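Peer 1: just the structure for this:
(one chain, ligands or ions: 1)
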Amino acid sequence: MKAHEGMYIDGDWRPSVGTETIEVVNPADEQVIGVVPAATAEDVDTAVRAARAAFPGWSATPPAERAARITALRDALAARREEIAETVTAELGAPLGFARAVHADLPIAVAGTYAELAATHAFEEKIGNSTVLHEPVGVVGAITPWNYPLHQIVAKVAPALAAGCTIVLKPAEDTPLTAQLFAEAVHEAAVPAGVFNLVTGLGPVAGQALAEHEDVDLVSFTGSTAVGKQIGATAGAAVKRVALELGGKSANVILPSADLTRAVKTGVANVFANSGQTCSAWTRMLVDAARYDEAVELAAAAAAKYVPGDPQDDTTRLGPVVNAKQRDRVRGYIERGTAEGARVVAGGPEAPEGRETGYYVRPTVFADVTPGMTIAQEEIFGPVVTILKYEDEDDALRIANGTVYGLAGAVWAGDQDEAVAFARRLDTGQVDINGGAFNPLAPFGGYKQSGVGRELGPHGLAEYLQTKSLQL
Ligand code: NAD
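Peer 2: Sure, this is the predicted structure:
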């Protein structure tokens, strides 16, 4: 893999003032595939200054021209689709087919939606005798995780560009090569120097310096709830805007009238995609007592089709998890589930056969899970499904709403209206009804401790705008 020795700041690749570096490791074979600089606080400051200097020009650029640059960015990403997929596969371990269809195609689509929104959004509105201007918030500090590395970058950078903001991005330590590739695409798209800046580095050093920087107007963070709380507190103390996309423990509620086979199979696939490293994954499957045993059997049979394998191989459906720490964490949760009395019906904590090298985890299904168990409350972030039994609809609702999270979820019923009625009672930001398709324009974000703010579509654009009212 090609890695830049510098960081993309003010339109150019510049070396860090420090000497620290980060090694990028392929989770499938544990080999180092690249080395990138680890930014110091001084590097972050340089990037923020570049973004500040570029702000007056970019915010005054007509929306149609901003839209043209985002279109060019979308095109530059589309031209590199295969390279994106290969890079994500190499540093994250996502199977190549999934990397093409999701890790590459989704952000390309999202960039396209913001090219269109930049061109069509009403940046002014009339309310009575007032003209309300929707103005960019200023310099954005974006901090992203590794699990959907390009999507999470585009979900912040594209709306920020559309709004007229300038940006400093600090991507996750595990996936900086995808971020470098994105910076190359920004450069190819002729986005003016300083509008977008990339600093690779460690969370507690570069990430923290960015979140605390007094010249950053909005911190947009996607990552763990633990770090999100810290960033929220820092931003609050500085009266700075903050958007937080955090963890989840979403419920897949299968009502008694639902097509059980379809709901279970789709539910298992939803969790095992990306090796379970999806914040919105439906990690708790809720089934009525009468059909519980059948659901457990169906889930175990579905899990057997996910054989951990080389992500470079086109036929592989389940790759490794991102790093050794994550593998040990997931295995630890599997052991904890058994210790607390849940029953493993597929998988387990041992390394998958023949996969002792690489950060592999066996796709695991737990039955006899009760709502208070650790595996039913905490985000595991690995290929682990928990199946819980409910007595009636009110019990299902109590269980579904009974965690600190509220990011996503699913409801299945024989009748769409029945599923929608149940979904209205869920404390969560998104619900898929009977397998409804992902919509890249629908607001994405959490209730409760899953976050603050929304990404994607017009709601995502609004995060990067502030209003000024002129009374006429
Ligand atoms: P993480 O919180 O450890 O890291 C996320 C980012 O924050 C990284 O870039 C990291 O370097 C940075 N960071 C770490 N410590 C920091 C600090 N003290 N100050 C500033 N920045 C810091 O999370 P992770 O392990 O990389 O990602 C997994 C988590 O992200 C999961 O909990 C998952 O649910 C969540 N996630 C949420 C969404 C969503 O949209 N809600 C999407 C993807 C992932």
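Peer 1: check contacts around the residue lying closest to residue 332 once chain neighbours are set aside.
Peer 2: Among residues not flanking residue 332 along the chain, residue 349 sits closest, at 8.0 Å (CB to CB, 6 or more residues apart in numbering). The way it works is simple: take the backbone N, C-alpha and C, and place the C-beta from them, glycine included. Counting by CB atoms under 8 Å, 6 or more residues apart in numbering, residue 349 touches 331-332, 334-335, 338, 362.
Peer 1: how close does residue 349 sit to the ligand?
Peer 2: To the ligand, residue 349 is 20 Å away according to CB to the nearest ligand atom, to the nearest Å.
Peer 1: that residue falls within a strand, correct?
Peer 2: No - counting by DSSP: H, G, I helix; E, B strand; the rest coil, one finds residue 349 to be coil, located in no strand.
Peer 1: turn the contacts of residue 349 into CSV, columns for distance to residue 96, pLDDT and neighbour count.
Peer 2: Output for the contacts of residue 349, formatted as CSV (distance: CB to CB, whole Å; pLDDT from 0 to 100; neighbours: other CB atoms under 10 Å):
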residue, distance to residue 96, pLDDT, neighbour count
331, 25, 98, 20
332, 29, 98, 14
334, 27, 98, 24
335, 31, 98, 11
338, 33, 98, 14
362, 21, 98, 25
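Peer 1: which of those fall in helices?
Peer 2: Per DSSP state H, helices hold the following members of those: 331-332, 334-335, 338.
Peer 1: and the ligand, which of the residues you listed contact it?
Peer 2: Among these, no residue is within reach of the ligand (CB under 6 Å from any ligand atom).
Peer 1: nearest to the ligand, of those?
Peer 2: For the ligand, the nearest member of the ones in helices among the contacts of residue 349 is residue 332. The distance, counting by CB to the nearest ligand atom, is 14.9 Å.
Peer 1: hang on, residue 287 in a strand?
Peer 2: Yes - assessed by three-state DSSP, residue 287 belongs to a strand.
Peer 1: identify the residue nearest it in space, chain neighbours excluded?
Peer 2: residue 295 (4.2 Å).
Peer 1: what's the average pLDDT for the host helix or strand of residue 179?
Peer 2: For residue 179, the enclosing helix or strand under DSSP states H and E is helix 176-188. Mean pLDDT, helix 176-188: 98.
Peer 1: okay, residue 471: pLDDT?
Peer 2: pLDDT, read off for residue 471, is 98.
Peer 1: residues contacting it?
Peer 2: Residue 471 makes contact with 129-130, according to CB under 8 Å, 6+ apart.
Peer 1: give me phi/psi at it?
Peer 2: phi -90, psi 120 (degrees, to the nearest 10).
Peer 1: quick one: it and residue 445, what's the gap?
Peer 2: Here residue 471 is placed at a distance of 32 Å from residue 445 (CB to CB, to the nearest Å).
Peer 1: closest to residue 212 out of the ones in helices among the contacts of residue 349?
Peer 2: Nearest to residue 212, judged by CB to CB, of the ones in helices among the contacts of residue 349 is residue 332 at 31.8 Å.
Peer 1: can you map out the helices along the stretch 1-150 of the chain?
Peer 2: 41-59, 63-79, 81-92, 96-98, 105-120, 149-163 (DSSP state H, counting those that start in this stretch).
Peer 1: how about the last one as PDB, C-alpha atoms only?
Peer 2: Listed next in PDB are the C-alpha coordinates belonging to helix 149-163 (Å, rounded to 0.1, in the frame of the first residue of the first chain):
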ATOM      1  CA  PRO A 149     -13.600   4.600   7.300                       C
ATOM      2  CA  LEU A 150     -14.600   6.400   4.100                       C
ATOM      3  CA  HIS A 151     -18.300   6.700   4.700                       C
ATOM      4  CA  GLN A 152     -17.800   8.300   8.100                       C
ATOM      5  CA  ILE A 153     -15.300  10.800   6.500                       C
ATOM      6  CA  VAL A 154     -17.700  11.700   3.600                       C
ATOM      7  CA  ALA A 155     -20.700  11.900   6.000                       C
ATOM      8  CA  LYS A 156     -18.900  14.800   7.700                       C
ATOM      9  CA  VAL A 157     -16.800  16.400   5.000                       C
ATOM     10  CA  ALA A 158     -19.400  16.500   2.200                       C
ATOM     11  CA  PRO A 159     -22.100  18.400   4.100                       C
ATOM     12  CA  ALA A 160     -19.500  20.700   5.700                       C
ATOM     13  CA  LEU A 161     -18.200  21.600   2.200                       C
ATOM     14  CA  ALA A 162     -21.800  22.000   1.000                       C
ATOM     15  CA  ALA A 163     -22.500  24.400   3.900                       C
END
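Peer 1: buried stuff in it?
Peer 2: For helix 149-163, a neighbour-count test (16 or more other CB atoms under 10 Å) marks 149-163 as buried.
Peer 1: list the contacts for residue 107?
Peer 2: Residues in contact with residue 107 (CB under 8 Å, 6+ apart) are 77, 84, 150-151, 153-155.
Peer 1: now, the most widely separated pair of these?
Peer 2: 84 and 155 (15.0 Å).
Peer 1: for the stretch 151-300 of the chain, what lies in contact range of the ligand?
Peer 2: Neighbours of the ligand within the stretch 151-300 of the chain, by CB under 6 Å from any ligand atom: 170-173, 203-204, 207-208, 211, 222-224, 227, 230-231, 245-248, 279.
Peer 1: out of the residues you listed, which sit inside strands?
Peer 2: Mapping these onto strands (DSSP state E) picks out 170, 222, 245.
Peer 1: quick one: the helices in the stretch 251-400 of the chain?
Peer 2: Using DSSP H, counting those that start in this stretch, helices in the stretch 251-400 of the chain cover 260-272, 292-304, 324-339, 374-377, 393-400.
Peer 1: tell me the domain boundaries of this structure?
Peer 2: 7-246+450-471, 251-440 (automatic domain parsing).
Peer 1: point me to the residue of the stretch 51-200 of the chain nearest the ligand.
Peer 2: For the stretch 51-200 of the chain, CB to the nearest ligand atom, closest residue to the ligand: residue 145, 3.4 Å.
Peer 1: now do the same contact list for that residue.
Peer 2: Here residue 145 is in contact with 152, 172, 222-224 (criterion: CB under 8 Å, 6+ apart).
Peer 1: swap in residue 302?
Peer 2: 264-265, 268-269.
Peer 1: one more: residue 190?
Peer 2: 69, 72.
Peer 1: can you classify it as helix, strand or coil?
Peer 2: Per three-state DSSP, residue 190 ends up coil.
Peer 1: circling back to that earlier point, can you name the residues that contact the residue nearest to residue 287?
Peer 2: 254, 260, 264, 285, 287, 387.
Peer 1: that older thread, which SSE is immediately downstream of the helix holding residue 179?
Peer 2: strand 196-198.
Peer 1: list the neighbouring strands of that next one plus their orientation.
Peer 2: Using DSSP bridges, strand 196-198 pairs in its sheet with strand 166-170 (parallel).
Peer 1: isn't residue 277 up against residue 382?
Peer 2: Yes - look at residue 277 against residue 382 with CB atoms under 8 Å: they come within range, at 7.1 Å.
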